[in-house]
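K.L.:
here's my sequence, what's the structure:
(chains A and B)
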Amino acid sequence: MARHWKWAALIVAILAAIVYPYAVRSYFLSLAIEVLIYSIFAMSLDLLLGYTGLTSFGHAAFFGLGAYILAYTALGLTDNILVTVPLVIIGAALLALIIGFFALRTSGIYFLMVTMAFAQMLFSIAISWSDVTGGSDGLAGVPRPVIGVGAWAYTFDSRESYYYLVLAFFLLSWIALRSIVGSPFGAALRGIRDNEQRMRALGYNTFRYKMAAFVIGGAFAGLAGALLTHFTQHAAPETLYWATSGQVMIMLIVGGVGTLVGPMLGAAVIRLLPTFVSSYTERWEIVLGLVFILFVLFAPRGIVGLLRRAVEKRP
Amino acid sequence: MLTVDSIHTFYGDSHILQGLSLQVNAGEIVAVLGRNGVGKTTTVNSIIGFAPPKEGRIVFDGVEITHLRPHRTAQLGVGLVPQGRGIFPTLTVRENITLAARGRGWTLDRVLTTFPPLAKRLKNLGSQLSGGEQQMLAVARALMLNPKLLLMDEPSEGLAPLIVAEIGRIVASLRDEGLSVLLVEQNLSLALSLANRVYVLSKGQIVHSGTPNDLQTNEEVKHRYIGV
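P.N.:
Numbering: from 1, shown residues only, chains lettered A, B, ... in the order given. Reported below is the predicted structural model:
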């Protein structure tokens, strides 16, 4: 019974997402694009934090690197996403390999600090190496993406078309991450989260598994950063800033850690809240902070946890 | 099968194992008995590699494993049933078992035949099992590694006598199939009924070794080192 409801809800959600651009004003379409992009970003962190138990506070490094690689290649090389997106994914994965090589030797608070330090290092490079990165202005004028094979090409120049592109990437990312966490590899990651030492005693080289998770998470975060850059047509140093790492972690905690639906809900709440609250008060950040504190105190499993509790209470 | 040769293991500054030596031959159950805090779990941790000794050697199946990392030692064929069961609470029973699959011999079907209660619980989470079921799961998981040597750290801890007897019966049948077992216990009667040989541990050293019968009749050793 519960399974039928899940499928029904999923189909309704996908249909709603498909007709959504016809139903709303373009402003709400922009919000939806951002929510989808941040959902990919938050899901990618959940693979580390929720499924592997790696509390990374430097996830912005991959998001921002994805943004800059995309801006750089789209401005100088090609705007064809069949070229740019693979480059972004490879670039972000390589960065994750380097950061992971050092950070994964630590754990807990030290891991958190090392990952944050790496992201802040990239941020300061982005700010100071202005010949390449555009300094604090970032790289502006990024064109809309094109998909092209041979002579055929399509440009995602309308907001509606870009929405569908992002929706497609979002669905692909979700399906990919779902398959990963449900696979034997995913079970090994969850085993490491439960107790890494026991996994070692079962013959698992846990460092390699954590590294694989870190690289996959980094790659998806890079993809999210690239999608945001095509949308805002601008790669900004803020994408690398620690506050970006903090924001995605808040999305995860508000939505529900260790579920892939949670990050989506969290991304929606945290992206939409400022929009609605700021029409009442300029100090929307206070409201955001309060929401976060309330969740940590009273709903540590996030929105998903609240929903589950509500469903289980029903007779 | 396993030779531990005068190892010294430290936790920080404290000198836990002080020249401990023991041996497990192929196809025998060897029990290590002793009170709390004498180094029983440290002995297990030194062998598997969680707490490598600073001095001495550990040789398993002709390979020196003294400083091997735990996953390498496990891959060589050392299975661990950790103290306190140590199942994965958020994984399903099926995942707990299949995660450990390595080599040939023990399969999911075969462990479910050996431990029938687990068959009904495959979709449950590890945390939803009773203590006895968790202990069976911990043994089943270790067997999936197809080990040559099984390290069992206080498997009877916190279990009802009936379940302890059931686990003991299964361990004996595993030995009869050729598995070697190092059984670390506080439960004297379980150890005496299962083991081929017994070591008694005190303050990080072996203070007595012999057959279960020797120990059964040695009131002084039992009284001084085991507290019976």
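K.L.:
who are the contact partners of the residue of chain B most remote from its centre?
P.N.:
The centre of chain B is farthest from one residue, B:Lys123, which by C-alpha atoms, centre = their mean lies 26.8 Å away. Residues in contact with B:Lys123 (C-beta atoms under 8 Å, 6 or more residues apart in numbering or on different chains) are B:92-94. All C-beta spots, glycine's among them, are computed from the backbone N, C-alpha and C.
K.L.:
counting neighbours, which of those residues comes out on top?
P.N.:
Most neighbours among the contacts of B:Lys123, by other C-beta atoms under 10 Å in any protein chain shown: B:Val93, with 28 neighbours.
K.L.:
next one: A:Ile303 relative to chain B, how far apart?
P.N.:
Distance, A:Ile303 to chain B, using C-beta to the nearest C-beta, to the nearest Å: 20 Å.
K.L.:
tell me if I'm right that that residue and A:Gly255 touch.
P.N.:
Yes - using C-beta atoms under 8 Å, A:Ile303 makes contact with A:Gly255 at a distance of 5.4 Å.
K.L.:
shared neighbours, these two?
P.N.:
Residues touching both A:Ile303 and A:Gly255 by C-beta under 8 Å, 6+ apart: A:262, A:265-266, A:269.
K.L.:
pick out whichever of those sits closest to A:Ala74.
P.N.:
A:Gly266 (29.1 Å; C-beta to C-beta).
K.L.:
isn't that closest one right next to A:Val257, touching?
P.N.:
No - in this structure, A:Gly266 is not within contact of A:Val257 by C-beta under 8 Å, at 9.2 Å.
K.L.:
neighbour count for those two, which is higher?
P.N.:
A direct count of neighbours by other C-beta under 10 Å for A:Gly266 and A:Val257 places A:Gly266 higher, at 29 against 21.
K.L.:
for B:Thr90, which three-state class applies?
P.N.:
Classification of B:Thr90 using DSSP: H, G, I helix; E, B strand; the rest coil returns coil.
K.L.:
not counting sequence-adjacent ones, nearest residue to it?
P.N.:
Nearest non-adjacent residue to B:Thr90, counting by C-beta to C-beta, 6 or more residues apart in numbering or on different chains: A:Asp194, 5.6 Å away.
K.L.:
contact partners for that neighbour?
P.N.:
The contact partners of A:Asp194, by C-beta under 8 Å, 6+ apart, come to A:53, B:88-91.
K.L.:
alongside chain B, which residues does the stretch 51-200 of chain A contribute?
P.N.:
Contact residues, the stretch 51-200 of chain A versus chain B (C-beta under 8 Å from any C-beta of the partner chain): A:184, A:187-188, A:190-191, A:193-195, A:197-200.
K.L.:
can you do 6 Å?
P.N.:
Contacts of the stretch 51-200 of chain A with chain B, taken as C-beta under 6 Å from any C-beta of the partner chain, map to A:187, A:190-191, A:194, A:198, A:200.
K.L.:
B:Gly132: what's its closest spatial neighbour, skipping adjacent residues?
P.N.:
Residue nearest to B:Gly132 in three dimensions, not counting chain neighbours: B:Ile163, with 3.9 Å by C-beta to C-beta, 6+ apart.
K.L.:
related to what we said a few turns ago, need the contacts of B:Lys123 in TSV (columns: distance to chain A and pLDDT).
P.N.:
What follows is these, written out as TSV (distance: C-beta to the nearest C-beta, whole Å; pLDDT from 0 to 100):
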residue	distance to chain A	pLDDT
B:Thr92	8	95
B:Val93	12	96
B:Arg94	9	96
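K.L.:
now, which of those residues sits nearest A:Arg178?
P.N.:
Proximity of the contacts of B:Lys123 to A:Arg178 was ranked by C-beta to C-beta; the top entry is B:Thr92 with 16.4 Å.
K.L.:
what is the longest helix of chain B by residue count?
P.N.:
helix B:161-176 (DSSP state H).
K.L.:
buried ones in it?
P.N.:
Judged by neighbour count using 16 or more other C-beta atoms under 10 Å in any protein chain shown, the buried positions of helix B:161-176 are B:163-164, B:166-168, B:170-171, B:174-175.
K.L.:
before we move on, what about stretch A:246-257?
P.N.:
Buried residues in stretch A:246-257, counting neighbours by 16+ other C-beta under 10 Å, are found at A:247-257.
K.L.:
quick check: closest non-adjacent residue to B:Arg57.
P.N.:
B:Asp5 is the one closest to B:Arg57 (C-beta to C-beta, 6+ apart), at 4.6 Å.
K.L.:
what of A:Gly135?
P.N.:
Per C-beta to C-beta, 6+ apart, closest to A:Gly135 is A:Ile127, 6.1 Å.
K.L.:
assign that neighbour to helix, strand or coil.
P.N.:
Relying on three-state DSSP, one would call A:Ile127 helix.
K.L.:
for the residue of the stretch 1-150 of chain A found nearest chain B, list the residues it contacts.
P.N.:
Nearest to chain B in the stretch 1-150 of chain A, going by C-beta to the nearest C-beta, is A:Tyr51, at a distance of 10.0 Å. Residues counted as contacts of A:Tyr51 (C-beta atoms under 6 Å, 6 or more residues apart in numbering or on different chains) are A:181, A:189-190.
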